[in-house]
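Undergrad: Pasting the sequence and the predicted coordinates here, then a few questions.
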Amino acid sequence: MPKLTIADLQKIKEKYKADFTLREGGYTVKIIVHMGTCGIAAGARNIMTAVMEEIAKVNRNDIIVTTSGCAGLCAKEPLATVELANQPPVRYSDLTDEKIREIFREHVLGGKPVEKYALVTGCETTY
Amino acid sequence: MSAEPKILVVDDELVVIRSAERVLKSEGYQIEGALGGREAILKMEQGAYDLVFTDLKMPEVDGITLIRWIKKSRPNIGIVIITGYPSQDTMKEALELGIIDYVPKPFTPSVLLDVTKRAVEWAEGRKPAEEKAAEEFPPAMAKELDRVIGEYRHRPGSLIPALQRAQEIVGFLPPVVQKRIAKGLNMPEAEVHSVVSFYSFFTMKPRGDHNIRVCLGTACYVKGIEGVLEKIKERLKIDIGETTEDKKFSIEGVRCLGACGLAPVMMIDQETYGAMTPSKALKIMGEYGGPASDQAPDEETAAVAEQEG
Amino acid sequence: MEKVRSHLMLCAGTGCVASGTAKVKTALEQELAKKGLAEEIKIVLTGCNGYCAEGPVMAVYPEEIFYQKVTPEEVPMLVEEHFLKGRPYQKLMFREPEKKAAIPGMKDIPFFKHQVLRVLRNKGLIDPEKIEEYIARDGYQAAAKALTEMTPEEIIKTVKDSGLRGRGGAGFSTGLKWEFASKVPSEIKFMLCNGDEGDPGAFMDRSVMEADPHSVIEGMVIGARAIGAHHGYIYVRAEYPLAVKRLRMAIDQATEAGLLGKNILGSGFDFELDIYLGAGAFVCGEETALMRSIEGKRGMPRPRPPFPAVKGLWDKPSVLNNVETLAQIAPIILNGSAWYRSLGTEKSAGTKVFALTGAVNNVGLVEVPMGIPLRTIIYDIGGGIKKGKKFKSVQLGGPSGGCIPEHLLDIPVTYEDIVATGAIVGSGGMVVMDDGTCMVGTAKFFLEFTADESCGKCTPCRVGTKILLDMLTDITEGKGKESDIATLEDLSRDIITTSLCGLGQTAPNPVLSTLRYFKHEYESHIHQKWCRAGVCRNLTTFWIDEKLCKACGACLRACPSKAVVGEKKVPHKIIQELCVHCRTCFDTCKFNSIRILPAGFDGDPNEFLAKTAVGAKEEK
């Protein structure tokens, strides 16, 4: 490591922001992928991978991804819920790789829920 | 060497010879004096001496010249220099010529006695001592020890780190190791010993292959380390600070291992074991090859297990 | 850039490592790889989390789920349930004793809920071996501020105004200490850190050095700037290998990054820092003794004045601060003295870390605002006394401290209030004792310690502690004399007034405080030959109350000398001649049917117990 200046301290802080958003809280978007047995069978794993790829592409520190168990709607899997700060969460169903990427662009980045895929708005929040 | 070591004190001031005589005679040394290098050489031509204590700055034949002569003509005589303010160059020269030690002037009786004792021991056992050291430690260990001592030689306050490293290398700090360090760091052996005996981290006895450190801190006390310790002592048939006859285990009591959350705690070598009970301790010792119980194993485990509820 | 969705903060402090962190880590890695999660879930090894008893512990972010007692065997289920299916795994969660419900969130667990983290601000949140993670949590911002925006006077004023007092034991104002040293003109000065945590039962400094070594280094840089020192040492116990390793690593990283060494952060200020390994001498916690030890000599204290601020290490002006004190510095500089004072009391500002151990349900490190009652720490955070036993006393301040009885549990924890009880805040060791503890035995335990650790310089301490110990030993063995109590008190006072350093001046405290609150125990040891706790073997008779005995056979099986006789459904009996007074039966009995009577008791136990039951009140 080269000798640091005061400005470097700030840069390092920025660089690690993603890690600490995760540990300290302070995120603005939370995406929950429902990964019950049914979800996994229906392809939730691919949805998760797509989400992760999209986040990596835009290099945003304030988006976190978590998983949750079966949402009780096994027929509509794969499911995912997008929670923007100060907005009711929106649950999407029957997802595919393309759909989740579209949701990511429109809802997560653009702030507009994608109503055509939405199952319900204002559903219960989970971990 | 004779029973009473014979020492020749060479100094151009009579008072130095007299005071050295006063201090050393009572301790059973034979003392003779010479007021200069020339007189000293003449005396040595005529009689045998074990040690020569000499000043460096003297008129006519000075100390360095005298030392050169002794090294050439009487190589078996050990040399100690007594000097006020030695210049670094003369000190270096004297060291290169192979003096044993030096006494700063003015000296106190205890310093003189200390240096004399050491010089006599050194001169006496010169050869055997080196051979013995080689026997006790593998040459590589001795070499490593010397390397470490060398590293610390010119650093102030380096005695404790040097001792810690030495204990890491040798496993304990017997007198011969302390001597080597004293010599290497150029300080009285007494000082080295005083530090070794002061700190509980240092041990002068060899430890077993596996050192069991039992925490005697408050949390461990409250949670019943005593019962654990009793069982370990009973099984190994040794007390704290001792080593089993087969040199496999030793027990050490430590003040607090700082793992109070896991109390009662013990450590074997570098592994920490928490929430100890007498039977768990015995079981763990077993994993290190600890001795089996005198009782039938089933009966004992049952009894201990009951005790622990 | 790889996106990581979850961090597993696995504790790698001394305690959890001893409980198997390494194996858990390997199991987690294998299992995550097997499930294809290795890239999106990251394992971070943290320093000591402070909740050592239930280790290895792990916190999962962002959900902030807390797992305890994680074993390699449980890992596959944990990974499958939580990380694959998103269902936090209940089996490894914290549960309150007596209650069944698992508490998933770390912030909801009482042990963590009542704490306020300043010193321990980074515990469990950063990887202590990575300087970047410390910097990411505002690390070295305070040093930058102190070195470039503040004068030494301003630094000293801020620390003085904050009311921070030395956390090592004596409680002297840190700002004042710095001011004294800053005013002594000298080319060479030393900034020193005392990491020789010698009090048995205290491990907060170890935890800070392991979990957040840079916070100590940053505090030292700021202190060095305040007093004008360019060299420093951290004096650490050799018994703390992990702390030493982490500190070494941290110093190397800080030096490489220009946060130590020449021209720190381009400010023109130089500060070199070294580690010095202590060699195990309790007296080296005393500042003059510690400095002698760094000089390579026997660590013996010397009279003051001259104070170390004038003549310290190698006779140069020196400041010695404790680990916890130094870890408080950076936030004070960043947030100001008023912020620091927002917690605590007027004279005892801010927070203090305690090592809560002994007979409580939740043991571990606890950081609380000063001024909260002892009861809150023991009952709300500590979860009360283990196995439903009765509280007897809490010991504060280690061998220099004292035992506080139940009726004083509502006093606030401040330097002054604790001293008034006869104990001291000390470095923060807090050992809770239940009614199975003998207070004479406890005093003896501490005197064994101090008699052994006395450096021998002052006769009153060297000889006096030995005499105290001998008398206490006699009392616990049934050889106590009528006059012993008065002699113990007198001798204790003499040792206190005639010893040179803190060791001797405080060594009799455990005796005096137990005499103050538990004199009746001394009396019953001496007069009745009766150790009511059943600890002192010579002073007990174990007797089974046949009315209460359920004849379950537990004590009968447990007795190592087969002194208990009886059969199923026939109340048991102890044959006194065979009894070795080990108390095993007493601890085994689930029905409290075993009673402890005086040695050689001969008479009607029921009558005796009825007569003495009330006499056990503590002196108020």
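TA: Looks like it arrived, so ask away. Numbering: from 1, shown residues only, chains lettered A, B, ... in the order given.
Undergrad: Stretch A:68-81 spans what distance, first to last residue?
TA: End-to-end distance of stretch A:68-81 (Cα to Cα, to the nearest Å): 10 Å.
Undergrad: ok, now stretch C:339-358?
TA: This stretch, stretch C:339-358, spans 33 Å end to end (Cα to Cα).
Undergrad: Around C:Val419, how many other residues sit close by?
TA: Neighbour count for C:Val419, taken as other Cβ atoms under 10 Å in any protein chain shown: 15. No exception for glycine: its C-beta is placed from N, CA and C like everyone else's.
Undergrad: Show the residue spans covered by the strands in chain B.
TA: With strands called from DSSP state E, chain B shows them at B:6-10, B:30-34, B:51-54, B:78-83, B:101-104, B:210-215, B:249-254, B:266-268, B:271-273.
Undergrad: Figure out which of these is closest to A:Ala56.
TA: When the strands of chain B are compared by Cβ to Cβ, strand B:271-273 sits nearest A:Ala56, at 40.7 Å.
Undergrad: Can you name the residues in contact with that closest one?
TA: B:257, B:259, B:262, B:265-267, B:280-281, B:284, C:14-15, C:17-18 (Cβ atoms under 8 Å, 6 or more residues apart in numbering or on different chains).
Undergrad: So what pairs up with the residue in the stretch 351-500 of chain C positioned nearest to chain A in the strands?
TA: Scanning the stretch 351-500 of chain C for proximity to chain A using Cβ to the nearest Cβ identifies C:Glu367 as nearest, at 17.4 Å. On the basis of DSSP bridges, C:Glu367 is bridged to C:Val353.
Undergrad: for chain A, what's the longest helix?
TA: Criterion DSSP state H: the longest helix present in chain A is helix A:44-58.
Undergrad: wait, does that helix contact chain C?
TA: Yes: Helix A:44-58 is in contact with chain C by Cβ under 8 Å from any Cβ of the partner chain, via A:Arg45, A:Met48, A:Met52, A:Glu53, A:Ile55, A:Ala56.
Undergrad: what's the helix or strand for the residue nearest the centre of chain A?
TA: In chain A, the centroid-proximal residue (Cα atoms, centre = their mean) is A:Ile31; its distance is 2.6 Å. Assigned by DSSP states H and E, A:Ile31 belongs to strand A:29-34.
Undergrad: In contact with the residue of the stretch 1-150 of chain B found nearest chain A, which residues?
TA: In the stretch 1-150 of chain B, no residue comes nearer to chain A than B:Val148, which is 30.3 Å away by Cβ to the nearest Cβ. Contacts for B:Val148 (Cβ under 8 Å, 6+ apart) come out as B:Ala162, B:Arg165, B:Ala166, B:Ile169.
Undergrad: Nearest to chain C, out of the residues you listed: which one, please.
TA: Nearest to chain C among these is B:Ala162, at 8.5 Å by Cβ to the nearest Cβ.
Undergrad: Tell me how many other residues crowd the residue in the stretch 1-150 of chain B that chain C sits nearest to.
TA: Here the residue of the stretch 1-150 of chain B nearest chain C is B:Ile149; by Cβ to the nearest Cβ that distance is 13.4 Å. Number of residues near B:Ile149 (other Cβ under 10 Å) recorded here: 20.
Undergrad: and it, what pLDDT?
TA: Looking at B:Ile149, its pLDDT stands at 90.
Undergrad: Disregarding flanking residues, what is the spatial nearest neighbour of it?
TA: B:Gly184 (3.4 Å; Cβ to Cβ, 6 or more residues apart in numbering or on different chains).
Undergrad: most neighbours, which of the residues of helix A:44-58 next to chain C?
TA: Result: A:Met48 is most packed of these (other Cβ under 10 Å), 26 neighbours.
Undergrad: Pull the contacting residues for the residue nearest to B:Ile149.
TA: By Cβ under 8 Å, 6+ apart, B:Gly184 lies in contact with B:Asp146, B:Ile149, B:Gly150, B:Tyr152, B:Arg153, B:Ala162.
Undergrad: Now tabulate the residues you listed in JSON lines and tack on distance to C:Glu324.
TA: JSON lines is the format used below for these (distance: Cβ to Cβ, whole Å):
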{"residue": "B:Asp146", "distance to C:Glu324": "41"}
{"residue": "B:Ile149", "distance to C:Glu324": "36"}
{"residue": "B:Gly150", "distance to C:Glu324": "38"}
{"residue": "B:Tyr152", "distance to C:Glu324": "31"}
{"residue": "B:Arg153", "distance to C:Glu324": "36"}
{"residue": "B:Ala162", "distance to C:Glu324": "30"}
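Undergrad: Now list the buried members of those.
TA: B:Ile149, B:Tyr152, B:Ala162 (16 or more other Cβ atoms under 10 Å in any protein chain shown).
Undergrad: ok, the closest residue to chain B within chain A - contacts?
TA: Of all residues in chain A, the one sitting closest to chain B is A:Arg23 (23.0 Å; Cβ to the nearest Cβ). Counting by Cβ under 8 Å, 6+ apart, A:Arg23 touches C:His7, C:Met9, C:Tyr61, C:Pro62, C:Leu125.
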